[in-house]
Every structure is written in structure tokens, then in C-alpha cells.
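Undergrad: here's a sequence, model it:
(chains A, B, C and D)
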Number of protein chains: 4
Amino acid sequence: MVLMKKLMMKGNEAIAESAIRAGCRLYFAYPITPQSEIAEYMARRLPEVGGVFLQTESEIATVNMVYGAACTGKRVMTSTSSPGFSLMQEGISYIAGAELPCVFVDVVRGGPGLGNIQPSQGDYFQAVKGGGHGDYRLIVLAPSTLQEAVDLTQLAFDLADRYRNPVLILADGMIGQMMEPVELPEMRDLSTLPDHSDWALRGARNREPHRIAAFNIDPVGLEKMNKRLQEKYRLIEASEQRWEEYRVDGAEYLMVGYGTMGRILKSVVDSLREEGIPAGLFRPVTLWPFPKRRLKELAKKVQLIFVVEMSSGQMVEDVQISVEGKVPVHFYGRMGGVVPTPEEILFAFKEVRKWK
Amino acid sequence: MVLMKKLMMKGNEAIAESAIRAGCRLYFAYPITPQSEIAEYMARRLPEVGGVFLQTESEIATVNMVYGAACTGKRVMTSTSSPGFSLMQEGISYIAGAELPCVFVDVVRGGPGLGNIQPSQGDYFQAVKGGGHGDYRLIVLAPSTLQEAVDLTQLAFDLADRYRNPVLILADGMIGQMMEPVELPEMRDLSTLPDHSDWALRGARNREPHRIAAFNIDPVGLEKMNKRLQEKYRLIEASEQRWEEYRVDGAEYLMVGYGTMGRILKSVVDSLREEGIPAGLFRPVTLWPFPKRRLKELAKKVQLIFVVEMSSGQMVEDVQISVEGKVPVHFYGRMGGVVPTPEEILFAFKEVRKWK
Amino acid sequence: MVLMKKLMMKGNEAIAESAIRAGCRLYFAYPITPQSEIAEYMARRLPEVGGVFLQTESEIATVNMVYGAACTGKRVMTSTSSPGFSLMQEGISYIAGAELPCVFVDVVRGGPGLGNIQPSQGDYFQAVKGGGHGDYRLIVLAPSTLQEAVDLTQLAFDLADRYRNPVLILADGMIGQMMEPVELPEMRDLSTLPDHSDWALRGARNREPHRIAAFNIDPVGLEKMNKRLQEKYRLIEASEQRWEEYRVDGAEYLMVGYGTMGRILKSVVDSLREEGIPAGLFRPVTLWPFPKRRLKELAKKVQLIFVVEMSSGQMVEDVQISVEGKVPVHFYGRMGGVVPTPEEILFAFKEVRKWK
Amino acid sequence: MVLMKKLMMKGNEAIAESAIRAGCRLYFAYPITPQSEIAEYMARRLPEVGGVFLQTESEIATVNMVYGAACTGKRVMTSTSSPGFSLMQEGISYIAGAELPCVFVDVVRGGPGLGNIQPSQGDYFQAVKGGGHGDYRLIVLAPSTLQEAVDLTQLAFDLADRYRNPVLILADGMIGQMMEPVELPEMRDLSTLPDHSDWALRGARNREPHRIAAFNIDPVGLEKMNKRLQEKYRLIEASEQRWEEYRVDGAEYLMVGYGTMGRILKSVVDSLREEGIPAGLFRPVTLWPFPKRRLKELAKKVQLIFVVEMSSGQMVEDVQISVEGKVPVHFYGRMGGVVPTPEEILFAFKEVRKWK
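TA: Below you'll find the predicted structure:
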């Protein structure tokens, strides 16, 4: 297959190709809609570049293969959708505890339970607060366009390697299924990727064996491991908060939304501005670390924050924590795979504005 | 076995016996320290009362057996510890989506990963924010003494039935392993328990079949299901916030902690009061719904809130959301199964008080 | 449910009810056509008599639950069909090696692979020669009528207990699905069943623990275990050969067939006798031990043996071994779930007779 | 790694390297003693030649991966030991029914059950009579030296391809663990291997999809499939019977044994000949098809057949069937991983000879 630099792609495929170009050569997954195209693409494409695609027999198997593969320090990825991601929570806690670099993609579907295959943002808590047990954090990246999905996939592998931490790309079926023109990066030269030979398990010939575990029977030892984790998390919180601001200059009303919702809110802001209502958009790109610092600053300048999610309200808690009661925070959400239209958001916002 | 009304019991056994007295006759589990005594007790005791104990082949099997059993409307329970609870997250999301009554016990151990078997509060996020996917909530109860463990186990089954919602008893190895005298309630008369024959699956003879699912391919239908869930959650938030206050009258400093930590904080408060420092304790008993309403009121009356957790700080976010920036919130935590002593908490608190 | 002594039943149900009347109170299974009625019957009926029905999550789980349950010395059964029985082979080898009493029912379907759900005798080798690894034997009983299915089910439990050996009832969909009037035995008084308290695992209170294993790292020790098994098998071969003879007096032609096929061959024999052709039937009832002794005697008296199976020819090998070349052995078989008609068997037999 | 043509190797490694040189590039397995060196060798060596090694999560997974891989028409192998082979029986029946080429290696250990890891021949029945359900056959090859193991591994892949049938190499821990000098064949040029593009599943671009199944709901259709299988089996029986004869000229006593036992019987024959007792050896190389034709001829020339197996006597049935009572067949066996010495065999034989 010859891939030109810029081309029309489906979101799922764009993420897959970007992963390969980032140097990912190991991919394990169990199929689930609406992201199965990632697995299909990987099945076809990875052998072409000397990589390994493996369809596992369950998500439990998947996450543990990712765990094993990540121990080698090579770039490894899996992708799934909500119920599948739930099944991976135990393994993710182990991987985070063992401080291993790897990339997860969760193309969220309507929930809870089997739900449906429509786009949703109902898994924010699971993704950001840690669905698994123990004090750990995933770095969570939320693209709102296909180009951003491609770019954040590159970033995901780099952050995973830099911090030896699992990174999650949190998308939804809208991102996964739509087609847009994307510019793909060059294929990385694998020899330029982080080496990791100081800790990776690659056969202990002529050296002391390395040991990787998320286990310490001694509380003092386990606390030491946790403190190292927490220091790393503080470093990530200090260094990696990412967001987009749109028309926030002079804004009195601040819309907050991420991913697909952030994209829709741009047109809501445009409509409001056209009507002369000074609105702006704050779109978190990293959901963890949540861009609290900047949001706290912006909170001082606006009269009202209006959070919109495709959920019953989950990220809104991080907004509340960030603004510390300095400005009213209102919420509007749709659930079950319903994507709110700009019109209904406009209507809902104006209702809220009236009350104020 | 003859059980007197009041007797010396181990925490795990007290929870098990209380469950049986609450009418629980179905219990499935896969063993994991530090809660295996619950399973052992159930294995011995359930056959005596005509109940079914089943050791499953994995936690995935367990949660799906709970799902199936809960469909009958009978009182069903499982218990596990952190990694096992992670494995149950997919099933829990299904159960919550299907609105089924059942009781989970998570005796939290040190994490992340395999961690260790010491007491910890590192799974607050998982328990309270929803470890699984989708917009759902567990009612979460956190006992700080064995008597409370017994009483909350009774409450757990009643709330599960009242709201058709899974209820989680969040404990730790300290609660599970310690011995204290407890007063056990009388054995419930099973015929007085909620009937549930209007929805339960018990064989559709001479009636239309019932149908239980957490699935709706249609976004509008799935949103309707979600709206019903959210209405129920709002009702629970309005009706079921529970907490304990201790020496809050005239308090300028408010300690906040739950479970084992709340118990320890009582003696910290006593020590401070002895030194003339006006401290009080706010101990959430329901972690969800978090007792925001009362904490918000108390926040207006104190100068400083001091949250202590056996974690890197998780419940502290709900404290922050509740107090809306009205008073400084400080945090002290230990991790990895280390239980903070009253002395070190006193020391840490006094340091914080100095800065202020 | 009130069950009269004699009534019209489906074969699968008759086997199930007979098992219960034989004292079976433990039954585990995973559903597979054409024997799922056994599981359905057990699910409904066992609770009525204080028994335990459990649908497992796979045949692997089933056979290991049977293994565990059989360790208690209580009467335990499972049932399955061909592919399911293949999945149980590892466990069966363990159970046979550990010398545990239990009863398997295999309602054979067309094979190999998924095959189809029609009646077949294609699993004779698997059943009789040992589908699993190692030198072990199942006692194999092959009913040809529903009444015999009922009676052999009683015998199966008794032989299993007497020899501490798994017993297999080998049937087919014809036996399982047809309806015939059967006379059921009285319900056994459980207190009269073999006690087994000298070896069973029932909690080692006030005695040395028992130990059950099919494992011995030492070759001499393992050979000793094998010798004990082989001695038992020789005893069974000496004591338990069972068969039916039909019109063998003066027979020059001996038909041999088991199960459903034996039943059909009776009418073939009748037709031949009507035509003045002196034919008789030898119908093995125990497939292991194969009734060699009697067949060898009969072989001396006839000119030709005609074996008919619903397979490509498997039992025919045991016939050959029994007759030691003393008389020609011819074979006719149908496969894939095709049940030969009396007419085609007559035709085939006459062709063979011509050649001779 | 550079591998010279002739070199000292362990049996398990020799089989592995021979498989690779035969063109095997796909190998899946779950570890079990005494053959884990095959997997270890494959794990190291397959990537060097562009092949895929995969350690599966169970033998059930293994056999189904072999099934899937064999559908591509590429050369695929797995290896295991007795309990693992039992777990594969369902899948083997499917593979045989679907007529797919692939190679199994079973390095038999002491049984039944977990048994031990010593050499044994207790799985002859399972291997030869079909451990799984339905009328199917494996081609079974039994090497007695390492060089023969190397050569039969080559043959195994060729027969598998020629007949589209699974082939089993039945060895034991003696063969697997001993070291001998072996001459390895050249690496096959993959482009010269059978193409199989007329039936293999490789993506149905620009052609009608192929379909592979061991399933036919219609008895007539399933019988047709079975007839095709049986015709193939008759062809194999006619063409592929293989054996070794040793000093049979003028022999009055015929020893029969396969694999490791055949090797030991050679020195028994030599000892007898030295004593002037005219003994010879018949060593089946193909266990299925059993070399009946030649054994039947030889039976006419000898006074006594003496079968020795490392089992309670399994192959002896095929000897009996072959000789049709024309000469007495005696048996001597050891079990549980005990390998009989030449001395004890001599002694046992002479005892038998006396009786005669």
C-alpha cells in the first residue's frame, strides 16, 4: 500500500495509521463496534511493516498481552469500546503500577451496560478518575477532529515513553466513523525511538535480570512505589496540561466541552458571537491532567461557565474543582448516544442565561 | 450453629452473618485476601439456611452470576478485594443499567496492581465515580466500626431493593480482620422482603414474559433509560445522604475522613480538643451520594478543612466540590497499605495550621 | 410434581428422572443439543429434592465440577453430546485416575467436528478406548430402549460406586428424543447409598485428612497406582460383561449391533427368520467391558457375523478381537446421522451372504 | 544462529528445527513438560525465519489457533503432552472434519490424570483410535531415534499437505530429552511447498469466497462428507503403512513394539539371537495406518508374537486384529513412566516361551 502524506481517511483508520507511523508494531485487540476498523486496519497493515497483529480471545487476554508486550519497551497499542474497556480495568491498574508505556484507544459508545453503538461521553469518569483500583492515573487525550486524532496518537506514544505511563486516547464513534482529509506524519525511524534497555525485559543475557511488578507485600515498600508514582503524576500535571481556546477574548460566557462536543461548541460560540453575545470556548485536550490552571484564570474573567457533555455530567466535576466556586457552572447534557445539536445547545444556554 | 444476639466476631464474618440475616440466600465469589473469610463463612453457613454458596472460576463469572441471580429479585451478594472488583466493572455497569438490586462488598487492599493485602482507601474513585463505563451510580456505604458494618449491610440490602440499584459496602482489611463485639439483628422473615414479582424473572408461566436488559440500539430509547436512571440518582441524592458528626459544635477546624480513617480521626479530634484546639469530625457514611449538603453548611462555619485518606487523595475532590472554594481544603494521606497514626495526623495538621 | 410409577416420557427426561431416583443430587452441565432436555429437567427437578443443578460456563468447567463433587462421594452426573464430551476428556482421565464414582451421559450426534444433531454411533472409539490420555477405562453402557435407559442409569450409579470408577451411558438422539412408556424405580433412600466416608473429602474434622489425586511424580508409585487400576479393570471385565441375545438358537448368521442399532437389528432378524434364514442378534449392553467371552463362544457356532453401526466401523474392531479370525466378520454402516433402515440392512446382508 | 548439517541435538529441539526446515512458520503452544523445549526453541528460532510463535492462554486456545492457521494452507504445528493433548480433542475432531493439514506433536507422559513427566506409551488409544468424537483419523508417526524424529517431522508436513489431514508425531520424554547426532535436511524453499490456493482462506479478493467447515445440518450432506473422509482414509491405509523389520529372516519369535520401545527391543532381539533363539522385530512406524498387511504376512511365519509397550496394552489390540488369531499374541508392559529394561523383557519373554 502506498500512503500519500495527505489523504481522506476514516477516523479509526487514521488513528491506526498514525500509530504505525509513531512506531507501534505490536497491537492486540478483541473486536467491538464502533472501533473494529482499527483492528481490521492493523490486521492488514502491521504485517506490511514487520509488526504483529493478534486478535485475542477476550479483552482480559488483550490487556494482559499489552502488559506483557509493554514489558519489552516496544510501542504497543490496543483499542476497544466502553464494555471492553471496563474489562481491561484490572490489567490497566497493573500496567500503571508497573509504570509501563503503552497506548489505549477507547471509542466510547452509549452506556451503561451493553448500551448501543452511538457516540457518547459517558465514560469520562472511568477514563479520568481511574476505572481500576488503586492510586493511579492514565494520561487521557481527547481529539475533536481527525487531524487532531492523528497528532494526539503521535503524542500518546511519546508521552507514554517519556513518563513510562499508559496513555488513553478517548474518542467516540463520531470521530471513529467520520471521514476528513488528514495529513499524516512521516514513518518514524524505529532506531530513533526511546531505547528503554535499562529496564525492559528482553532476555537477560550477560546482565542482571530486570524485574517488573506492580506488587510489594511490604506497606512501606508499596508506599514508596506509590510516592514515586504520585511525584510523576505531579510532574505530568505541571507539564502536560493541554487545551484549546476559541474566541475567549472578551468572553463573558465560557463554553466548556471536549472531543466531539468541543467541535460542536465552536459553532455554538460562532452563532452567539454573531448575535452579539460574547461567548468563548475552552476545550480541554488533556482530560487528565485536566487543564485546571488555565480554566481557573479564565473563570475570573467570565460571568458564567456552561459545560456541555454527551453524558449526565462528569467532566463538569473537574470544572467545578478548577473554578472553586468563583463563577456559576451550568451543565447541559444528552445521553444514550444522542449528540446534541448546536440549536438545542443555544436554546439551553439562553434559558440558563435568563435565570442568571 | 447457635448465634447469640451479641457476640465477638471478625469483621468479615459479621458482614457475612448480617447479610444472611438480611435475607441474602445467594452468594457467589472467587477468593481473594483480605476478605476470603466472607466466602468461607458463607460456604459453611448458607447451606444451613437453605441458601446457595458458589465459588466461581473467576471474578468475571462471579459478577455475571450476580447479574443472573439478581434478575430473580432475590437478595444476592458477592465480596471481593480491589483487583477482583476491577474485574467486575463491566458486569456492574450492566447490572446498574438493568436496574437490579444486589450487594457488593469491596474490602480494599493496597494498590495499584497486585499491590499488597494491607488496608487502603485507594479505590474511592473506582467505587464512587463508577469504575465501569456509562452514566451509572452505585450507592456506596463506608462503615468505620464492626457494628456499623453489620448495620450498613442490613441497609445495603434494603436500599438495593428500594431503588433497584447495586449497593457497595466499601471496607478495608482493618474492618475485615479486626474483632469487636457486635449486636446482630434478628433473622429477617423472607416472606416480608420486597416481592419484585412485577419485574423479576422467575419463569413466565401464565403471564407475559418479563425482560431485563441494559441495551437499547436506539439512542432515543437509550437516553430514556438513562433519564430514568438519572432521576433515580437524583432521588437517592436527595434522600440518602448519610454522615456522622463528632464534636462539630464550635469547631473551627473540620477533619473529614471515612471508614477506618474516620475512626482514627475521632481520637485526633479528641486530642486536639484536649489541647484546646476546637476541632470536629465530619465522617461521610454514604460516599455516594456524598453528603454534600451538610458539608457545605459546615464549611461556612470553619476556618479550615483537613481531609485525611489512606490514598493520594480521592474523596478530597468531593469535599472540594461540596465546599465550592468557601474554605481552604487541605489533604494528608498515606498510601500502599500504610495506616496513618493519630500522632502523625496531629503533627501534619499542626503544620498546615501554622501556614494558615 | 407427582410422578407415577409408569408413564410416558421422553428418553432424556427418563434418564434424568432415573438418575434422581438413583440418588443423584448433584448435576452440572453446559447445554448442547440433542440432550439439553436432561439439563432442563434437572434444573426444574433437582431443587424439589434438595439437589443442586448448576449450568457451568463451559464443558471444561463442567467436568472439573464433576471431579470436585465426586470427591465428596455423593452421586453426581453430567450429560453432554459429542463435541462437549471431547472437551471433557482431560478431566475424565483425571477422574478415572483418581478413582472417583460419577456418571456421564453422552447423547452422540453426527460428527466429526460440529457435525449435526442427528443420531450417530461415531463416538464408540472415544467412549470405549478412552478419549483421554493414559491407561484408564470407563464402564460404558448402551441402552436400546427407554426402559433400558432407565434401568442402566440405575446400574450406572451402582457400578460407579462399587468400582469407584466413572460410568458412561452412551446413547444417541433417537434414544434421547423418542417417547415410550417407562416404569420408574422407587426413589432410593439416600441413607442406604454407599457411604464412602473412608475416602471421601467432607472436611477433615477429628480425623486425618483424606487425599485424592491422579498424580505421582515417582514412576514406581505411579505404576503402582496403574496396577491397582488394571486389577480393578480385570475384575470388571470378569464380572460385568452384559449383552442381549435374540433368536441365536440355531442361528447361522449373527447380527451384532448396540443401542439404537441393536433395536433395529431385531426387526432385521425377524424378517430374516420369516424368510427362513437362520439369523440371530448379539447386542452388547456393556461396550466396555465388551462381552467378548460370550461372543467368542457364539462365533464358533455361526458362519458369518454381520456388524452394523451408525459409523464407519468402530465396535467392529472389538468384534474382530473377540472372534480371533474364527469366522468372517462383515460390516455395514451409515454415517453423518443417517439411521439405516431395516430394508437396506436386509439388502446389504443378503449381498454379503451371496459372496460367501 | 548458524546450524550445520549434522549436529548434536536434544530430541525436542531436533523436531522443532526439522519442522522449521520443512517450512513450518506458524507455531502455537501452551507449555507442558516434557516437551517445553520445543516451544522454547520455536520462540527463539521462528522470528529468525520470519515465522510466528505464539504462546496461547490454554490448550483450547492453541488447538483453535492451529485450526484457524491451518485454514490458510500454510504449514502450522503445535506440540504438547498427554493432558494438553486431551484438551485439544474437540478441536482436532473439527480440524480432521474440515480436512486441514497441520502437525501435532504429543510427547507422552505417564498417566492417567496429571500422572508424571516420565516416558510412557499410555496414549496409543487416544492417538490412534481418535480421542475426539466422530469418525476421523489422524496419521500417527512414531519415531524411535532422533534421526527418525527429524525425518518423520519432514514426512508429517508432507503427508498433512498431501492428504489435507492432521498428522500426529507420537513421541515420549525419552525421545524428547535424549541427545543424539542428527543430520538435518536443507531448509525447504517455501515457494516449492504445496500451494493450496484452491481452497485456503487468504482473503477472497477477485474470487468467490472459500468456505471451510466441519458442519452439515443435513444427514445426507454430512454422510457425504464422511464418505469422502473414509475414502481418503482407505487411500492412506493402502499407501502409507510404514514399519521397520529387524532380523525377521528365519525368526520364529516376533517382537512388536514402537517408538522408544522398538529401540529397546532391538537389543532384546540381538541378545536372543546371540543365545541362538531366532527372534526378530517388527516396529510399526505409522501407528495409523497400522502396518497390518505386513504383520499379517509375518504372523504366518512365526510361532509367537510378543508385544511390549510402556502401557497396560493398547497397540496389542491392533496386533490382534492384524494376525486374526493365526498365532498367539502375548503382551508385556510397564506403566506409570517405567521404561522396561532389556533384561526384564528377556526374562518375561522366556517365561512366556516356556508356557508355550
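Undergrad: sec struct for residue A:148, please.
TA: helix (DSSP: H, G, I helix; E, B strand; the rest coil).
Undergrad: tell me, how many neighbours does it end up with?
TA: 21 (other C-beta atoms under 10 Å in any protein chain shown). C-beta: built from backbone N, CA, C; applies to glycine.
Undergrad: from the chain's centroid, how far away is stretch A:323-338?
TA: In terms of C-alpha atoms, centre = their mean, to the nearest Å, the gap separating the centre of stretch A:323-338 from the centre of its chain is 20 Å.
Undergrad: next: stretch A:195-210.
TA: Distance, stretch centre to chain centre, for stretch A:195-210: 30 Å (C-alpha atoms, centre = their mean).
Undergrad: and that stretch, end to end?
TA: The straight-line separation of the ends of stretch A:195-210 (C-alpha to C-alpha, to the nearest Å) is 15 Å.
Undergrad: how about it: buried residues?
TA: Residues A:196, A:200 are the ones in stretch A:195-210 that count as buried (16 or more other C-beta atoms under 10 Å in any protein chain shown).
Undergrad: does it reach chain D?
TA: No: Stretch A:195-210 stays clear of chain D (C-beta under 8 Å from any C-beta of the partner chain), getting no nearer than 9.1 Å.
Undergrad: quick check: the residue of the stretch 151-300 of chain A nearest chain B.
TA: For the stretch 151-300 of chain A and chain B, the shortest gap (C-beta to the nearest C-beta) falls at residue A:214, measuring 2.3 Å.
Undergrad: wait, that residue touches residue A:90, no?
TA: No: the criterion here is C-beta atoms under 8 Å, and residue A:214 misses it with residue A:90 at 10.6 Å.
Undergrad: which one of the two has more residues nearby?
TA: Each of residue A:214 and residue A:90 has its neighbours counted (other C-beta under 10 Å); residue A:90 has more, 29 against 23.
Undergrad: grab the nearest non-local neighbour of the more buried one.
TA: In space, and not counting its chain neighbours, residue A:90 is closest to residue B:86: 3.8 Å by C-beta to C-beta, 6 or more residues apart in numbering or on different chains.
Undergrad: what about that neighbour, which SS state?
TA: helix.
Undergrad: any idea how many residues pack against it?
TA: That count, for residue B:86 with other C-beta under 10 Å as the rule, works out to 33.
Undergrad: and residue A:346, by the same measure?
TA: Neighbours of residue A:346 (other C-beta under 10 Å): 17.
Undergrad: ditto for the one 5 residues further on
TA: With neighbours defined by other C-beta under 10 Å, the count for residue A:351 comes to 11.
Undergrad: give me the distance from the helix or strand hosting it to the chain's centre.
TA: In this structure, residue A:351 sits in helix A:342-355 according to DSSP states H and E. Relative to its parent chain, helix A:342-355 has a centroid offset of 29 Å by C-alpha atoms, centre = their mean.
Undergrad: mind listing what's buried along it?
TA: Going by neighbour count (16+ other C-beta under 10 Å), the buried part of helix A:342-355 is A:342, A:345-346, A:348-349, A:352-353.
Undergrad: likewise stretch A:225-241?
TA: Neighbour-count burial for stretch A:225-241, counted by 16+ other C-beta under 10 Å, picks out A:225-226, A:229-230, A:233, A:236-237, A:240-241.
Undergrad: right, and residue A:122 touches residue A:312 too?
TA: Yes: taking contacts as C-beta under 8 Å, residue A:122 lies within contact range of residue A:312: 7.5 Å.
Undergrad: quick check: neighbours shared by those two?
TA: A:335, B:135 (C-beta atoms under 8 Å, 6 or more residues apart in numbering or on different chains).
Undergrad: which one's more surrounded, those two?
TA: residue A:122 (30 against 23).
Undergrad: tell me where chain A has strands.
TA: Along chain A, counting by DSSP state E, strands occupy A:6-10, A:26-29, A:52-55, A:76-80, A:102-108, A:139-141, A:166-172, A:179-183, A:243-246, A:253-256, A:279-284, A:286-288, A:304-309, A:329-333.
Undergrad: strand partners (parallel or antiparallel) of the fourth one?
TA: Sheet pairing for strand A:76-80, assigned by DSSP bridges, gives strand A:26-29 (parallel), strand A:102-108 (parallel).
Undergrad: residues making contact with that strand?
TA: Taking C-beta under 8 Å, 6+ apart as the rule, strand A:76-80 contacts A:12, A:15, A:19, A:24, A:26-30, A:32, A:35, A:38-39, A:59, A:62-63, A:65-66, A:69-70, A:88, A:102-107, A:157.
Undergrad: select only the buried ones of those residues in PyMOL?
TA: Per 16+ other C-beta under 10 Å, the buried members of the contacts of strand A:76-80 correspond to this PyMOL selection:
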select buried, chain A and resi 12+15+19+24+26+27+28+29+30+32+35+38+39+59+62+63+65+66+69+70+88+102+103+104+105+106+107+157
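Undergrad: ok, back up a step: now the strands paired with strand A:76-80 in TSV, with mean pLDDT?
TA: Compiled in TSV, the strands paired with strand A:76-80 are given as follows (pLDDT from 0 to 100):
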stretch	mean pLDDT
strand A:26-29	97
strand A:102-108	98
